[in-house]
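Asks: Just a sequence and a predicted model for now, questions to come.
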Amino acid sequence: MEPCREWDGIKHHPSSHQFANLCAKAELAETLFALVHPVIAVSAMENYNLELWVEALIYALPANSSSAVSRHLAPELRTERVRETARDSFVRATGEVFDEAMAVAQIPGKLARHLRLLRRHVLSAIRAVWHFFF
């Protein structure tokens with residue numbers, strides 16, 4: 001990003017001029033395109049904004065994919081927010097599978113209540129042990 005010679009190599013951040021240009025380019029992209037997710041300026045070589053980009057990526061992934069992707073991230077990119085988002089998505093996706101199975105099976109009243117209680121316990125257990133699997 002111009003002015004390219006102004007990059008702060010010590011802090012691994014753009015200069016104030018570069019930052020202003022990055023913001024202008026991001027704003028332009030948001031104006032020109034119907035964006036669902038944010039535009040994030042990153043530099044893999046300088047490790048600039050990678051944490052923010054990974055957090056946005058994990059948030060944007062389908063619920064059944066975020067845990068698997070988070071498992072392959074470098075440890076420094078697995079922020080608490082990334083772990084929480086991936087875990088919550090996995091628990092939500094598991095609950096949806098459980099709900100779909102109950103809907104297909106058309107389980108009657110009393111048994112359905114017991115299964116909903118079981119669902120809560122299973123999802124709570126999955127939340128507690130998620131980090132062992134991912």
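Replies: Perfect, thanks for sending it.
Asks: Whichever strand or helix holds Ser124 - what's its average pLDDT?
Replies: Applying DSSP states H and E as the criterion places Ser124 in helix 109-133. Taken as a whole, helix 109-133 has a mean pLDDT of 93.
Asks: CA atoms only: put stretch 86-104 into PDB for me.
Replies: Extracted in PDB, the C-alpha atoms of stretch 86-104 (Å, rounded to 0.1, in the frame of the first residue of the first chain):
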ATOM      1  CA  ALA A  86     -15.700 -22.600  16.700                       C
ATOM      2  CA  ARG A  87     -16.900 -24.300  19.900                       C
ATOM      3  CA  ASP A  88     -20.300 -22.600  19.900                       C
ATOM      4  CA  SER A  89     -20.700 -23.300  16.200                       C
ATOM      5  CA  PHE A  90     -19.900 -27.000  16.800                       C
ATOM      6  CA  VAL A  91     -22.400 -27.300  19.700                       C
ATOM      7  CA  ARG A  92     -25.100 -25.500  17.700                       C
ATOM      8  CA  ALA A  93     -24.600 -27.800  14.700                       C
ATOM      9  CA  THR A  94     -24.700 -30.800  16.900                       C
ATOM     10  CA  GLY A  95     -28.000 -29.500  18.400                       C
ATOM     11  CA  GLU A  96     -29.400 -29.000  15.000                       C
ATOM     12  CA  VAL A  97     -28.600 -32.600  14.000                       C
ATOM     13  CA  PHE A  98     -30.300 -33.800  17.200                       C
ATOM     14  CA  ASP A  99     -33.300 -31.600  16.500                       C
ATOM     15  CA  GLU A 100     -33.600 -32.900  12.900                       C
ATOM     16  CA  ALA A 101     -33.400 -36.500  14.000                       C
ATOM     17  CA  MET A 102     -36.200 -35.900  16.500                       C
ATOM     18  CA  ALA A 103     -38.400 -34.200  13.900                       C
ATOM     19  CA  VAL A 104     -37.900 -37.000  11.400                       C
END
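Asks: what's the pLDDT at the nearest residue to Glu46 once chain neighbours are set aside?
Replies: In this structure, Glu46 finds its nearest non-sequential neighbour in His12, 4.5 Å apart by Cβ to Cβ, 6 or more residues apart in numbering. For every residue, glycine as well, the C-beta is placed using N, CA and C. As predicted, His12 sits at a pLDDT of 86.
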